[in-house]
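Novice: Coordinates for the following, if possible.
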Amino acid sequence: MRSNAALALGVLGGGWWKSDGSKIDIRDALPALEIALQDPDSRTRALAAQDIGDIGEAAAQAVPALVELLASDDEGLRNSACIGLRGIGPPARDALPALRVALADPSPDVRRFAQSAIASIGERPSQQSASIDANADVLTIRISEAGVCHFLDASAPCDQLGQYLLTKHLAQNGHVHIAVDRTSKYELVAATLESLEGLGFKVGFVNYDASASQ
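Specialist: Alright, predicted model coming up:
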């Protein structure tokens, strides 16, 4: 029943259903849709995320919940989170760190939807990754849960990483990869990006398999 209600809202208020009828304004359903993002049924959560995107910029308050959904183990939910964020557009700028992490998702569909969401928010998709020369020697950074960035045989606080690399004359070509997985904490990725990009480093993303290091 709950998933059918979410589906109905998508049909009536969304833009994907081809119909000659007019669409209804579903903004008043936003509080219920935010609750539905926590529903035990994954289909209901996925449809709710997409419905939120259909509301558009007025659904900006749901961005944190969609970012949380983007960390799901369920590929379909990650896709739907990207779709929702894409629909919200520029007001979803706080989701950019999470979406840029999703560019390294093992699923090509998630990567594609993440690129689309980033473009809708107003940042060119894969802008940082595309700027890195494929033949360049790239320093790879791994972010720990404690907020420490590890690389080579060294480490530094994530929010001070850029200055540390400059001081130690590391990554002198300005190319850095951040190794991420779906458990990466977005706020730490954001702090690392700010530290690096503020000093002119070109940042790309690679997928990190934590199990391979155990």
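
Novice: so Lys168 makes contact with Leu152?
Specialist: No. No contact is recorded between Lys168 and Leu152 when judged using C-beta atoms under 8 Å, the distance being 9.7 Å. Backbone N, C-alpha and C define where each C-beta goes, glycine included.

Novice: Could you list the buried residues of the helix or strand harbouring Glu187?
Specialist: Assigned by DSSP states H and E, Glu187 falls within helix 186-197. Buried positions in helix 186-197, judged by neighbour count with 16 or more other C-beta atoms under 10 Å: Tyr186, Leu188, Val189, Ala190, Ala191, Thr192, Leu193, Ser195, Leu196.

Novice: What of stretch 159-178?
Specialist: Burial within stretch 159-178, assessed by neighbour count using 16+ other C-beta under 10 Å, is assigned to Leu161, Gly162, Tyr164, Leu165, Ala171, Gly174, His175, Val176, His177, Ile178.

Novice: Equivalent analysis for stretch 71-79, please.
Specialist: Using 16+ other C-beta under 10 Å, the residues of stretch 71-79 that count as buried are Ala71, Ser72, Gly76, Leu77, Arg78, Asn79.

Novice: about what we covered before: is it possible to get TSV of the buried residues of helix 186-197 that adds pLDDT and distance to Val110?
Specialist: Shown next, in TSV, are these (pLDDT from 0 to 100; distance: C-beta to C-beta, whole Å):
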residue	pLDDT	distance to Val110
Tyr186	75	15
Leu188	84	20
Val189	84	16
Ala190	83	19
Ala191	87	23
Thr192	90	21
Leu193	87	19
Ser195	92	26
Leu196	92	24
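
Novice: now, which of the residues you listed sits nearest Val101?
Specialist: Each of the buried residues of helix 186-197 was scored against Val101 by C-beta to C-beta, and Val189 proved nearest at 5.6 Å.

Novice: Quick check: the closest one touching Val180?
Specialist: Yes. Contact criterion C-beta under 8 Å: Val189 and Val180 qualify, at 6.5 Å.

Novice: between those two, what contacts are shared?
Specialist: When contacts are counted by C-beta atoms under 8 Å, 6 or more residues apart in numbering, the set common to Val189 and Val180 consists of Val101, Ile143.

Novice: residue ranges of the strands in this structure, please?
Specialist: Shown for the chain, the strands assigned by DSSP state E span residues 139-143, 148-151, 154-157, 175-180, 202-207.

Novice: Same list (those) but as TSV, adding mean pLDDT and distance to Ile88.
Specialist: Below are these laid out as TSV (pLDDT from 0 to 100; distance: least, C-beta to C-beta, whole Å):
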stretch	mean pLDDT	distance to Ile88
strand 139-143	91	26
strand 148-151	92	30
strand 154-157	94	32
strand 175-180	86	23
strand 202-207	80	22
